[in-house]
Each structure stands twice: as structure tokens, then as C-alpha cells.
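In: quick one, structure for this:
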Amino acid sequence: MIESLDLHMLDLFQNSLASGASFVSVTLSLDPEQDRLTLEIRDNGRGMDDETLAAVRRGYYSSKCARCVGLGLPLLRATAEHCNGTFAIRSRPGQGTTVTATFQWSHIDLPPFGDLAETFLSLLVTSGECRVLLLCDCETGFRLDTEDLASILGDVPRTHPDVIAFLRAFLAEKLAEASLPS
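Out: Residues are numbered from 1 along each chain as shown. Here you go, the predicted model:
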């Protein structure tokens, strides 16, 4: 198993970028009444045909690089199922890919998120020209869209030190309010 859920998120995000996505949506939803945590990554990348999708589900398949292991999705599926959750991947060539994993929120083996604020920050500053939409539908939700950031920042890049400092503080504050496991 991967130690923390944020590492799964990073892996899925890298998959999206490697697929040529110009848009990636990362959604975290917490429903305490249903005892469910949901992680969804959706992109508009190349997508996969049925044969590639079957190979990805089996594991040990990666199109990212020759030395990549290709176990990210099978490990996420195993973690979700172990935590009384579900795993789904939908993809079509030219239409992108959506990966959804649910977990029993109270499950004793649910991995923590690690430093989710730093993970989100990493997604925002390493995504280049890719539009990133972060949605957190938890105790106190928030939405952060790089398209909105670009309109506010004008010519100032997301990678500017002052922007990074602001985003770090903003994300840490919002995620502290969200009551997610760390």
C-alpha cells in the first residue's frame, strides 16, 4: 500500500499530465453521515481504449516511462476496497479519464493524507499551462481554479514566491477547517 492518500493523488495527477491533459479536476468529498470519503481525479487527456484500460487495471502497465512500475491504480483500488470502499475508472480515447475511489471514513486502516496543503500546492505550481480545479466538499468546502487565479494574478505566474506563499497559507487554512485526516 502507498503510505498516504495524497501520494495516490499525486500519482493520478502525474498520469493526467502525462496523458496530455489541459484540464484536471481533483475533488475530495466527505460525507460523515454516510461514513464516506471520495477522491476523484478527472482529466481531458488522451484517454484509453478498452485494451489499455484492461492493462492498467491489471497493473504493471505504464505509458509514462520505460522504468515506471504501473502499480498506482491497482494499489489505489486495493486501498479503497480494503477500506470498505469502491474503485472505478472510466476512460475513452480523446475524451479523458475519470478515476473515483471511495473509502469508509471511519475505517481503522484508512491512510492519512499526509501534508495535503503541500500536495495541493505542488499540483498548482507544477501543472504548467494545465488548468487545475481543486474542489474540497468537506466540513467547510472550498474551490480553487487556476483559471480564476490567472485572471486575478494577471502577468504574475503561479510560481512566483509571493503567490506560492499566499497559496500555501490559503490551502493550509482551508484544509484545517475541512477536518480531513492528516
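
In: name the helix or strand of this protein that has the lowest mean pLDDT.
Out: Within the chain, confidence by mean pLDDT, DSSP states H and E is lowest for helix 50-58 among all helices and strands, at a mean of 78.

In: show me the contacts for residue 7.
Out: Contact analysis of residue 7 by Cβ atoms under 8 Å, 6 or more residues apart in numbering lists residue 114. All C-beta atoms are positioned from the backbone trio N, CA, C, and that covers glycine.

In: distance check, it against residue 144.
Out: In this view, residue 7 and residue 144 are 20 Å apart by Cβ to Cβ, to the nearest Å.

In: now do the helices in the protein.
Out: For the chain, helices defined by DSSP state H occupy the ranges 5-18, 50-58, 72-82, 116-126, 146-153, 161-178.

In: for the ones you listed, which one sits closest to residue 99?
Out: Nearest to residue 99, of all these, is helix 5-18, at 5.6 Å by Cβ to Cβ.

In: average pLDDT for the closest one?
Out: If you average the pLDDT over helix 5-18, you get 92.

In: do the same with stretch 84-93
Out: Computed over stretch 84-93, the average pLDDT equals 95.

In: contacts for that stretch next, please.
Out: 36-37, 46-49, 53, 56-57, 73, 76-77, 80-81, 97-104, 107.

In: what are the buried residues along it?
Out: 84-85, 87, 89, 91 (16 or more other Cβ atoms under 10 Å).
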